[in-house]
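need a structure here:
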Amino acid sequence: MASSTPPKPQVKFGVRTNSGRVMSLPRDEDVTLPHVSEFTSTSSGGPLDYVDYMVTMPPTPDNQPIGADVPAATQTRLGNHKPTSRLANKGRENAPERSLSVMRSTNKSTLIRSQTSEFDHNRWLFDSHGTYGYGNAYQQADGGTGKYDETGLSDFLNKPWKPLTRKIKVPNGILSPYRVLVWIRLAVLVLFLVWRVRNPNQDAMWLWGMSIVCEIWFAFSWLLDQLPKLNPVNREADLSALHEKFETPSPENPYGRSDLPGLDVFISTADPEKEPPLVTANTLLSILAAEYPVEKLSVYISDDGAALLTFEAMAEAVAFAEVWVPFCRKHSIEPRNPEAYFSIRKDATKNKKNPEFVKDRRWIKREYDEFKVRINGLPDLIRRRSNTLNKKASHEREDSVGVSIDNSNPLIKKATWMADCTHWPGTWLTPAPDHSKSDHASILQVMIKTPHPDPVYGVPDEHPYISFTDVDIRLPMFVYVSREKRKGYDHNKKAGAMNALVRASAILSNGPFILNFDCDHYIYNSFAIREGMCYMMDRGGDRICYIQFPQRFEGIDPSDRYANHNTVFFDGNMRALDGLQGPMYVGTGCLFRRFALYGFNPPRANEYTGLYGQHKRTISTSSTGSLRFTMEDVEQPLAETPDIDAPMKFGNSRMFVESIRVAEFQGRPLADHPSVKNGRPPGALLRPRSPLDAPTVAEAVTVISCWYEDNTEWGDRVGWIYGSVTEDVVTGYRMHNRGWHSVYCVPKRDAFRGTAPINLTDRLHQVLRWATGSVEIFFSRNNAFLASSRLKFLQRIAYLNVGIYPFTSIFLVVYCTLPALSLFSGHFIVQTLDVMFLVYLLLITITLMLLSLLEVKWSGISLEELWRNEQFWVIGGTSAHLVAVLQGLLKVIAGIEISFTLTSKSAAEDEEDIYADLYVIKYTSLFIPPLIIITLNITSIFVGCSRTIYSEIPQWSKLLGGGFFSFWVLVHMYPFAKGLMGRRGRTPTIIYVWCGLLAITISLLWITISPPEGSTDGSASITV
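The predicted model follows:
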């Protein structure tokens, strides 16, 4: 009796798309199998990856592992075919071969393992030793193969390969209309300018000529700013995947130690008066408490002022960190800056379940208050100690000489003394030879030694007031550094200080990654470092030179009067650049690859040729080859092409040169996937770091001496680049120009926070420094016009805009005075208010508004922030940018060097009003151009109204046009005028009365001097 045959499971053939989705394909489709050499992994030298050919089958007894209980007939039916291929990982000589698949995928970047929890048959067959035929059927080889005997389905179900990051594209429903509107507005601008050129104002050609030149430049400037915004992207990092890959027990890491690379964190400060030590100490405490393996983290502070106050403040911070850091770990405190944490106005017990939290918080708050009092008392303590010891030393000299010494004599050196009654080798309170800000010795002090590689937990009753039982009480290594300065040397300001830290840290810890902070920026999200490390350690991370985090600021007035948050740049421009070759480096909050800072090329790069870079060619730069240098190479001359050729002159420190190769290897991604190129094996960074010894510290002191950079490439091709006040932008540009990529990391919780100047004068001087640096870039070899072919076209446009935008101020100043000139002269920029002119203005305005709305959608900024940015663009363009252009031209033509004062980072002294500094008026010459523009436009409105009212033939269209544009200028200048008025209600009413009377008087005088049209007697007749 025949039994019914059960239906066979249906075999599904599919191809994985770029988005990761699997598309089903018909079985009868004609498939051509490639040559067997194409199944070799790209990471092992072959052209394609085997996963590009795939077939998906349902799990059935026919395609599952065969054990001893499976009938022999079934094993016979499965066949006995073996592939002929090789694995990418070199250490697995007996690894299985790859089989031929049935379908070829067009996606060459598909992951080998499934990114979901579903079982990945392809990876299972690839990693297992067995015999199998076509499809996914599997058979265990006779006798096994030793290493893979116990490989089963559960191994790959529980641990699928996971990427550490993913790119999230902006929805097409937002991005496509945005791009279309950009081209529509560009077409409207071109048609408008053509119409303007063809329709001159014959009555006032001078007015028409100035306006058309300005409008053409504004259109060009808008295009430079808009083109790099065509491809914005968002990114996300997977912290759980990072923990699973690097900190989970495995055969290579049986004890679950961290396999993450080392990280060196830099803090830069220069003047304790403008950068209060308490602010710097809080920054240090937030870094010491960051969620990163303690044994892999090292912190360095560069005190470029060599102040004893900063040194002793850091010593106090280290003592307080012994209780603050374990407290943060015990109760998962966020943020870990104590000043910011205790200033949060919300329920501190929210989500806290430890019954000891309230008691611990109360005690640590009292400890922090005492810590602040000690910091505040340090200046007076150092002064009294120095005076006492100086008097004691004077008496000793008198006793030894037998002659009375006049201590009031200015020639008598008044030393500054340390707590151990020795002279401070840095800057003294009373400057003296060898003890001033520009003339002092090198200082290097290891304040916290290298921690133990394994956790050290607190024991019961170790502390009388707080228990740290089962809490890791270790602290990261911390080093105080002040480089040597001598007269006659150019110390290159912040860039020189950062390069000194790079060399010292390479000797002491040599972390393959570097994170730099200004002293007023602290870690607000303790897991932010891990998020940045996800991008560096992910597949393709070896091509990333740095991870830039957005700058977020505290203490800004609620209305953000002067656009201090700068969200249009950080959330708009920088996010858009992330879709190209990467964001620019903006000076702080940036995670660097040390190997990229040394000036080497990336392991792989692309060249873009053609008119707009439409032709792309992948090249191999062979980074390992670029490391083939010896100590004899430091005597070779400098290479001619600084952005492409490998650097060779690092100085005469053999220990530093030997550290370069180590840093390059340790910074590679984990080679846990055949498609990971230039990776390192798992478990390579588990060995504990050696403790520091005296010769190592002595070598670190040597590399921070002022003469070390002589006849080297430091500042020219290696490290931070010299020659500009905006060394950050130039340094990032050099890396991109060599072919490196960067990434913009925007965590859901702000990564770092800092302070920004809210005073109008300080804000304008800050913008002046940035604009001056841009002008220097434009007139230097760092101009994007001279960039290499490794820089993408739109990335080149973005850097070109950096050097060009200050020159817009020349045309902006002229255009802001045109409404006043129109009203004074009685003419307008066009002959009449033609319909076509109004239509073009309407179209330009509508497209701009629609673009702003769509930009709000993909960037997350608000319309108010866009408007504040537009206002301050006019304010800064008519003041700081204009002066920057003049200073840049003087430097290029006359060689006059530009110097800037450090931006003050101290808080306002008025404790009742945290925004008291907003109302402080500090007059500066930068106020002159905007004041002239405001005065001219206000006066011209009165003049225009008087002229039109008393004219026999009123020309209301010209008054309307000129008056509207004058009002447009004044609305943009409103924050500037409000800043000059000081605190609300403090400006006397008589000021407004006198201003009104003055404007009316000037307008009447103008009518008398230049009577309206139609007057025949040469004077204006005013009838009452």
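
Distance of Asn566 relative to Met584?
Using C-beta to C-beta, to the nearest Å, we find Asn566 at a distance of 13 Å from Met584. All C-beta atoms are positioned from the backbone trio N, CA, C, and that covers glycine.

Would you agree Glu322 is in contact with Phe468?
No: counting by C-beta atoms under 8 Å, Glu322 sits too far from Phe468 to count as a contact (9.8 Å).

which of those two has more neighbours?
Counting neighbours by other C-beta atoms under 10 Å for Glu322 and for Phe468 shows that Phe468 has the greater number, 21 against 14.

who's in contact with that one?
Shown in contact with Phe468 (C-beta atoms under 8 Å, 6 or more residues apart in numbering): 326, 330, 457-458, 462.

which of the residues you listed count as buried?
Taking 16 or more other C-beta atoms under 10 Å as the criterion, what is buried in the contacts of Phe468 is 326, 330, 458.

residues in contact with the first one?
If a contact means C-beta under 8 Å, 6+ apart, then Pro326 has 458, 468, 471-473 as its contacts.

For it, what is the enclosing helix or strand?
Using DSSP states H and E, Pro326 maps to helix 308-331.

Which residue comes closest to Gly579 once chain neighbours are left out?
In space, and not counting its chain neighbours, Gly579 is closest to Asn231: 3.6 Å by C-beta to C-beta, 6 or more residues apart in numbering.

Quick check: phi and psi at that neighbour.
phi -140, psi 60 (degrees, to the nearest 10).

Tell me the spacing between it and Lys167.
Per C-beta to C-beta, Asn231 is found 11 Å from Lys167.

again, but for Thr948
As for Thr948, its distance to Lys167 is 59 Å (criterion: C-beta to C-beta).

Could you do Leu794 as well?
Plainly put, Leu794 is 17 Å away from Lys167 if you go by C-beta to C-beta.

Output the below-cut-off pLDDT ranges for the chain.
For the chain, applying pLDDT under 70 flags the ranges 1-160, 401-412, 621-647, 898-913, 952, 982-1024.

In space, what's closest to the spatially most central residue of it - neighbours in sequence excluded?
Geometric centre of the chain, nearest residue: Gln548, 2.7 Å, by C-alpha atoms, centre = their mean. Nearest non-adjacent residue to Gln548, counting by C-beta to C-beta, 6+ apart: Pro583, 4.6 Å away.

Could you count how many residues lie near the one you found?
Using other C-beta under 10 Å, Pro583 has 26 other residues around it.

which SS class is it?
coil (DSSP: H, G, I helix; E, B strand; the rest coil).

of Asn231 and Lys167, who's got more company?
Higher neighbour count among Asn231 and Lys167: Asn231, with 16 against 12, using other C-beta under 10 Å.

contacting residues around that one?
So Asn231 contacts 576, 579-580, 794 (C-beta under 8 Å, 6+ apart).

Ramachandran angles for the nearest residue to Ser925 once chain neighbours are set aside?
The shortest distance from Ser925 to any non-neighbouring residue, by C-beta to C-beta, 6+ apart, is to Val883 (7.7 Å). Per-residue torsions, Val883: phi -70, psi -40 (degrees, to the nearest 10).

my guess is Val883 contacts Leu768, does it?
Yes: assessed by C-beta under 8 Å, Val883 is found in contact with Leu768 at 6.0 Å.

which residues are common contacts for those two?
The contact sets of Val883 and Leu768 overlap at Leu926 (C-beta under 8 Å, 6+ apart).

The closest residue to Gln955 other than its chain neighbours: which element?
In space, Gln955 comes closest to Thr948 once its chain neighbours are excluded; the distance is 6.6 Å by C-beta to C-beta, 6+ apart. In this assignment (DSSP H and E), Thr948 forms part of helix 928-949.

And Ala771, by the same measure?
helix 760-778.

One more: Asp461?
Using DSSP H and E, Asp461 sits in no helix or strand.

Tell me, how many residues neighbour it?
Applying other C-beta under 10 Å, we find 8 residues neighbouring Asp461.

again, but for the one 3 residues further on
Around Pro464 there are 7 other residues, counting by other C-beta under 10 Å.

what kind of secondary structure is it in?
Note that with three-state DSSP, the state of Pro464 is coil.

Look up how far Ile364 lies from it.
14 Å.

which residue ranges form the helices in the stretch 551-700 of the chain?
Ranges of helices in the stretch 551-700 of the chain, per DSSP state H, counting those that start in this stretch, are 567, 574-577, 594-597, 654-666, 694-703.

I'd like to know which of the ones you listed is closest to Asn253.
Taking C-beta to C-beta, helix 654-666 is the member of the helices of the stretch 551-700 of the chain nearest to Asn253, at 15.6 Å.

Hey, what's the angle from the closest one to helix 694-703? Just curious.
100 degrees (axes from the mean of the first three to the mean of the last three C-alpha atoms, to 10 degrees).

now helix 654-666: how far from the chain's centre is it?
Distance of helix 654-666 from the chain centroid (C-alpha atoms, centre = their mean, to the nearest Å) equals 25 Å.

Counting by contacts, list what it packs against.
For helix 654-666, the packing partners by 3 or more C-beta pairs under 8 Å, 6 or more residues apart in numbering; DSSP states H and E come out as helix 493-508, helix 594-597, helix 694-703.

Try it again at 10 Å.
Secondary-structure packing of helix 654-666 (3 or more C-beta pairs under 10 Å, 6 or more residues apart in numbering; DSSP states H and E): helix 493-508, strand 513-518, helix 594-597, helix 694-703.
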